[in-house]
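Chemist: give me the fold of what follows.
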Amino acid sequence: MEEIYTHVANLGFPIAVSIYLLIRIEGKLEKLSASINELTKAIVSLK
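Modeler: Just a heads-up that it's a prediction; the model follows:
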């Protein structure tokens, strides 16, 4: 039983942190993509 707790502690925590960070980064990437698209449109309108 203690072995199971050790595996959960060693694997569960890094998995949870990875999922949390991926979710946070996904939102920021979407905002960055939108900003790049707006910048592209602004550059095209200047030409």
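Chemist: look at the residue nearest the centre of the chain and report its pLDDT.
Modeler: To find the centre residue of the chain, average its C-alpha atoms and take the closest one (Cα atoms, centre = their mean): that gives I25, at 2.5 Å. Listed pLDDT for I25 reads 95.
Chemist: who touches it in this structure?
Modeler: With Cβ atoms under 8 Å, 6 or more residues apart in numbering as the criterion, no residue contacts I25. (Each C-beta comes from the backbone N, C-alpha and C, glycine too.)
Chemist: check which helix or strand covers it.
Modeler: I25 is part of helix 13-46, with elements assigned from DSSP states H and E.
Chemist: how far does that helix sit from the chain's center?
Modeler: Centroid displacement of helix 13-46 relative to its chain, using Cα atoms, centre = their mean, to the nearest Å, is 8 Å.
Chemist: quick one: the residue nearest to the centre of the chain from E3, how far?
Modeler: Computed as Cβ to Cβ, to the nearest Å, the I25 to E3 distance reads 33 Å.
Chemist: roughly how far does V44 sit from N37?
Modeler: V44 sits 11 Å away from N37, going by Cβ to Cβ.
Chemist: also S45?
Modeler: As it turns out, when the distance is counted by Cβ to Cβ, S45 lies 13 Å from N37.
Chemist: who has more neighbours, those two?
Modeler: With neighbours defined as other Cβ atoms under 10 Å, S45 and N37 compare such that N37 has more, 10 against 7.
Chemist: with just CA atoms, put the helix or strand containing T6 into PDB.
Modeler: For T6, the element it lies in under DSSP H and E is helix 2-7. Listed in PDB are the C-alpha atoms of helix 2-7, where the atom choice follows Å, rounded to 0.1, in the frame of the first residue of the first chain:
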ATOM      1  CA  GLU A   2       2.800   2.400   0.800                       C
ATOM      2  CA  GLU A   3       4.300   1.700  -2.600                       C
ATOM      3  CA  ILE A   4       1.200   2.900  -4.200                       C
ATOM      4  CA  TYR A   5       1.300   6.200  -2.300                       C
ATOM      5  CA  THR A   6       4.900   6.600  -3.300                       C
ATOM      6  CA  HIS A   7       4.000   6.100  -7.000                       C
END
